[in-house]
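S.K.: Fold the stuff below for me.
(one chain, ligands or ions: 2)
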Amino acid sequence: MADNNNNDINQTEEQLVFNVGDSVTGYTIIEKIDEGGYGQVFKVSKDDKIFAMKIESNSQEGGSAIKLEIEVLKDLRAKKMPNFPLVVRAGRKIKYHFLIMELLGENLRTLKFRSSNPDCLSVGTWTRLGIQCLYTIKLMHDCGYLHRDIKPSNFALGPSDDLLKKRLIYLFDFGLARKFVVKARDERAAAMTMTTVTQQSVMGTVEEKLENIKSSDYRWRLARRRTDFRGTQMYASPNAHDLKELGRADDVWSLMFMLAEFIAPLPWANEDKELANVKKSSKLSEMFKSEAFDKLEENLKSCDYYTPPDYEIAYNLMKSLLEKSGTNWNDPYDWEMKDQPEIEYRKWKDEKTSKNVVYVWENPKEFFKLDIWLNVPKPGSVKQKLKKNASVEQISGQQTSEGRKKNEENLEATKTIGEEGKSVEGKKKSALSKRKTPSIVMDFDDNATNCTTTMCAGPATVLPTAPLRPIAPSPRRKGKTSRKKKESSVRNKLKNLIRKK
Ligand SMILES: Nc1ncnc2c1ncn2[C@@H]1O[C@H](COP(=O)(O)OP(=O)(O)O)[C@@H](O)[C@H]1O
Ligand SMILES: [Mg+2]
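M.R.: Ligands and ions are numbered 1, 2, ... in the order given. Predicted coordinates for the structure are as follows:
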C-alpha cells in the first residue's frame, strides 16, 4: 500500500495493521519477522537494499519505547561501537514510531531451536556465545548504559550480507535500557572528542574507542531506593524481583541465567508464584554443574548499583570450559553442524583465516579488567555533590543537564510484572508522547555521528524538543565567554573545597 502522510494504513485505535507490500516512509514491507504485545518487526526494502523496521504504536499506555531505543542506538553509534545494529532512519508518525536499522540474522532463541540438540547446546557453542555476549554487554556498560532485558531473543547474528559480521553476536532491543552515568560537562566538548574516534570496526581497536569516552565528563545517576520491576521474569536477576535499582551486575546475572538455559531448563522454568523464591534459592554452580561458578555468584551478590561485576571471573570461567572442550573459535556452532558444516560457514572460515582476523573477544587482553567508570566519584562524596551543582550551573542554556535528565526519566520505560519469557512493558507517558507533534523523521548518514532531521506533514502544533533531536545546548544561546566564566567558577569552588578538606 502506498505511503501517505497520514499513514492510516488499516490502523485501528488499538492495533496497527501492516501488510506485505505496504510502504512506510518509502520502505516496502517484505515480511513480518516478529510481533510482540507492543511492537512489530518487519523485513523491508528500499532501492534493492533490505533492512529491518521496528514499529511501535503511540496509543499504547505510556507511548512507544522506541524513542528510548533510538536515543541509545544513536549514542552507541556516535561512539562507533560494534555489535549493535546501525540505525538507518527513525522517527514518529501520527500513530506510531518507527526505527529502520540494518537487518540482522536469526536471534539466539531461534538458533538454539535449530541446533542439533536444542535442549543442551555443546560446551564449545554456549561458551563462545557467552563470551561474545559478555563482551557486548560490557561494551554497552562502558558507554554508560544498562540493558536490563538480557535474554536470548535480544541477541542475534550479524547482517548476513557481510561475511565477517554474519557470525558475530549483536545486542539490540533497548526499550528498557537506562543510563547510569550522565554527562556533567558541556555536551559539545565531549561530542567533539567523539569525532576523533576511528571508523567503525568489529575488530582490533575497541580500546581506542573507549579511550575517547572521558569518564571525567560524567557523574552518576543516583540509585533510587525502590523501582518498578524491569526485565523478563525468566531471566531477571534476583535484585529485579526485589525491586532494587539494577546495575551492571544484574545484566551479567541475566546473561548467566540465559546461558544456563542453553544447557538445561532453568529450575524456575515451570514456576509461577514461587518463581522468584526458587530463583533466589538456586545456585549457579548447580545450574552449570561446576563449583567454580560459586565465585561468580558471590561476586554478583556483592555488587550494588555503583559496583561493576567482575567480568573477568565470568570470562575466565567460560574460557577455561571452552579450552577444555577442545573447541576452536573458528569451529562451527551447533546450528551449523548437520551432517557436515554448512557452506556459508565454510565461506566465513576461509575469509577469516585468509585475512588473519582475530576478534577482540578471542583475545580480550585487558578488556574485561578495565572499569571505565572507576574514577567517577560515587554519590555522597564531596566531589560528586560539587559536580552535580556544576552541571546545573554550567549549562544555563535552554536545556540544562537537569532538563535532559528529566527527559531521560520521561523516556524510561517502566514495567509491570511481565509474563514468563516475555517482557511486558507498561511505559511511562513521556512528555513527548503526550504532546501533539508533527511527524518527524531522522536520517542517519553512514559515517556521521549526527543525524539530519526532516519534518513530515501532519497536524502539527508543537515542535518536539529532545530526545528526538541531537542533545547539545544551542551555541547561539550560550556564548563561549559566559560558559568559560562558569567553568572557572566551578573549578575555583572545587579547589577551595578540596583545600578546606
Ligand atoms: N535489526 C533486526 N534485524 C533482524 N531481526 C530483528 C531486528 N530487530 C529485531 N529483530 C527480531 O525481532 C524480534 C523482536 O525485536 P525486539 O527489538 O527484541 O522487540 P521486542 O521489544 O518486541 O522484544 C527479535 O527477537 C528479533 O528476532
Ligand atoms: Mg526483544
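S.K.: What's the local residue count around the nearest residue to Tyr311 once chain neighbours are set aside?
M.R.: Of all residues not flanking Tyr311 in the chain, Phe368 sits nearest, at 4.2 Å (Cβ to Cβ, 6 or more residues apart in numbering). Bear in mind the C-beta positions are built from the backbone N, C-alpha and C, glycine included. For Phe368, the count of nearby residues is 20 (other Cβ atoms under 10 Å).
S.K.: Let me know the pLDDT of Phe368.
M.R.: Phe368 is assigned 96 on the pLDDT scale.
S.K.: Isn't it up against Lys138?
M.R.: Yes - counting by Cβ atoms under 8 Å, Phe368 touches Lys138, with 6.7 Å between them.
S.K.: quick one: the residue nearest to Tyr311 from ligand 1, how far?
M.R.: Separation of Phe368 from ligand 1 (Cβ to the nearest ligand atom, to the nearest Å): 26 Å.
S.K.: What of Lys378?
M.R.: When Lys378 is compared with ligand 1 (using Cβ to the nearest ligand atom), they lie 33 Å apart.
S.K.: that older thread, between Phe368 and Lys138, which contacts overlap?
M.R.: Tyr311 (Cβ atoms under 8 Å, 6 or more residues apart in numbering).
S.K.: and the residue nearest to Tyr311, which of the three is it?
M.R.: Counting by DSSP: H, G, I helix; E, B strand; the rest coil, the backbone at Phe368 sits in coil.
S.K.: Return the backbone torsion pair for it.
M.R.: Main-chain dihedrals, Phe368, degrees, to the nearest 10: phi -80, psi -10.
S.K.: ok, it - contacts?
M.R.: By Cβ under 8 Å, 6+ apart, the contact list for Phe368 reads Leu134, Lys138, Tyr311, Glu312, Ala314, Tyr315.
S.K.: residue contacts, the first one?
M.R.: When you say that, I think you mean Leu134. For Leu134, the contacting residues are Val252, Leu255, Tyr311, Ala314, Tyr315, Met318, Trp361, Phe368, by Cβ under 8 Å, 6+ apart.
S.K.: ok, it to ligand 1 distance?
M.R.: Leu134 sits 19 Å away from ligand 1, taking Cβ to the nearest ligand atom as the criterion.
S.K.: Got the confidence number for that residue?
M.R.: pLDDT, read off for Leu134, is 98.
S.K.: Same check on the fifth one?
M.R.: Here the pLDDT value assigned to Ala314 is 98.
S.K.: right, and the helix or strand after the helix or strand encompassing it?
M.R.: For Ala314, the element it lies in under DSSP states H and E is helix 311-325. For helix 311-325, the following helix or strand on the C-terminal side (DSSP H and E) is helix 343-354.
S.K.: now what about that next one, what contacts it?
M.R.: Applying Cβ under 8 Å, 6+ apart, the external contacts of helix 343-354 come out as Leu163, Leu164, Lys166, Arg167, Asn330, Pro332, Glu336, Val357.
S.K.: Return the per-residue confidence for the last one.
M.R.: Meaning Val357. Val357 is assigned 92 on the pLDDT scale.
S.K.: That one touches Leu164, doesn't it?
M.R.: Yes - between Val357 and Leu164 there is a contact under Cβ under 8 Å: 6.4 Å.
S.K.: per-residue pLDDT, the residue in the stretch 201-350 of the chain positioned nearest to ligand 1?
M.R.: Nearest to ligand 1 in the stretch 201-350 of the chain, going by Cβ to the nearest ligand atom, is Thr232, at a distance of 9.1 Å. Here, the pLDDT recorded for Thr232 equals 96.
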